[in-house]
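[1] coords please:
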Amino acid sequence: GGASPAPTGDLAGGVPSLQQRRENALETKRRLARLYGDAVPTPPEPRPWDDLRADIPDALRPELDSRLILDEDIRETIWTAEQSGEKFRLESENADGAVFQACLVKPVVVYWVRYCKKTRAGDAYDVLDAYSHRMHFSREG
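    Residues are numbered from 1 along each chain as shown. Coordinates of the predicted model:
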């Protein structure tokens, strides 16, 4: 077979982000499996939010890393909010229009993402901020 792609992340530019470390770990696992003849892990099934474009400013990356929030968490939160309509429209607006706040409830963490939809860009969003609460959360009917 051909050469495998190099792990992502620019070590010369500093410490890789949490997202880059996750991608590097998955690539290392695939390479070691091939090297030692183990079954190469199959990629996960595609999820509906995988193709959603969430533009995250470089200045926000260190905060997301410290909060242990991955890009896929942000994309899933936005996708779920846009599909369900369960989001808050905030009073503030930016150059692209309305700003929304949405949450995604998982078994032990709740993600909150503040974002706006890019005009004329299909399913593309600007991420303005994101944070999470590590807690058990349940909804009663």
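
[2] over to residue 87: give its phi and psi.
    Per-residue torsions, residue 87: phi -160, psi 160 (degrees, to the nearest 10).

[3] contact partners for it?
    Contact partners of residue 87, counting by CB atoms under 8 Å, 6 or more residues apart in numbering, are 81, 100, 101, 102. All C-beta atoms are positioned from the backbone trio N, CA, C, and that covers glycine.

[4] most neighbours out of those, which is it?
    Ranked by neighbour count (other CB atoms under 10 Å), these have residue 102 at the top, with 22 neighbours.

[5] and that one, that one's in a strand?
    Yes - with DSSP: H, G, I helix; E, B strand; the rest coil as the criterion, residue 102 is assigned to a strand.

[6] now for it: which residues touch it?
    Residue 102 makes contact with 77, 78, 80, 81, 86, 87, 88, 112, 113, 115, according to CB under 8 Å, 6+ apart.

[7] next, format the contacts of residue 87 as TSV and append distance to residue 35 and pLDDT.
    Compiled in TSV, the contacts of residue 87 are given as follows (distance: CB to CB, whole Å; pLDDT from 0 to 100):
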residue	distance to residue 35	pLDDT
81	42	97
100	45	95
101	45	96
102	42	97
